[in-house]
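>>> The following comprises the amino acid sequence and a computationally predicted model.
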Amino acid sequence: MGLLCDETAASGAHRGRRGLAAGLALAAGVFSGACTSRPPLSDDAPAGPYEVVDGWPRVPEGMVFGPALDVAVDGRGRVLVSHAAGRTSGNDALIGEPTILVFDPGTGELLDAWGEGLFIYPHGIEVDRNDFVWVTDSEQNRVFKLTAEGQVVMTLGEAP
């Protein structure tokens, strides 16, 4: 298992939030494929200075991971991934497993996981300048504002 990463985004000179986020955004297109049991095929990789980083991310044994839906980077450089824990769009029940995974950008180690019981399909994720995490749920037609630890601060929209 590995993640396709842009070498320049991961280099020390380009490790700013925007540079790392841009590199991760490019990698997000192949993220789901990188998190399966097969390594990405050369045809899966976009053109550019990319390489597979074996062992990134490191997901605990038995955790259902994916499909990965979006990637963001917080002010501490941690990589946040919204994923559907094996569900697909059209699901109508809240996901009981953690749907937001927080990884160390260098090692891929899972640092935190939260969001269980909040989302049906956590389609988008962004982190604002105050490190609040904003997650959209496309099946609930809602936006959630959360702390960096996953506590709900505000919701916008009404669940259908």
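Structure's in. What do you need? Keep in mind that this is a model prediction, so the values were computed, not measured.
>>> Now stretch 138-158: buried residues?
139-140, 142, 144, 146, 148, 150 (16 or more other Cβ atoms under 10 Å). Any C-beta I mention is one placed from the backbone N, CA and C, and that applies to glycine too.
>>> Just read off the phi/psi values of residue 120.
phi -100, psi -40 (degrees, to the nearest 10).
>>> swap in residue 79?
According to degrees, to the nearest 10, residue 79 has phi -100, psi 120.
>>> So what sits opposite it in the bridge?
residue 73, residue 103 (DSSP bridges).
>>> Provide a list of residues in contact with it.
Going by Cβ atoms under 8 Å, 6 or more residues apart in numbering, residue 79 touches 20, 24, 57, 71-73, 102-105.
>>> Just the closest of the residues you listed to residue 116, please.
residue 102 (13.8 Å; Cβ to Cβ).
>>> Quick check, the closest one in contact with residue 111.
Yes - using Cβ atoms under 8 Å, residue 102 is in contact with residue 111, at 4.8 Å.
>>> Between these two, tell me which one has more neighbours.
residue 102 (21 against 13; other Cβ atoms under 10 Å).
>>> Residue 81 versus the closest residue to the more buried one other than its chain neighbours, what's the distance?
Excluding its sequence neighbours, the residue lying closest to residue 102 (Cβ to Cβ, 6 or more residues apart in numbering) is residue 112, at 4.0 Å. Distance, residue 112 to residue 81, using Cβ to Cβ, to the nearest Å: 11 Å.
>>> Thank you, goodbye.
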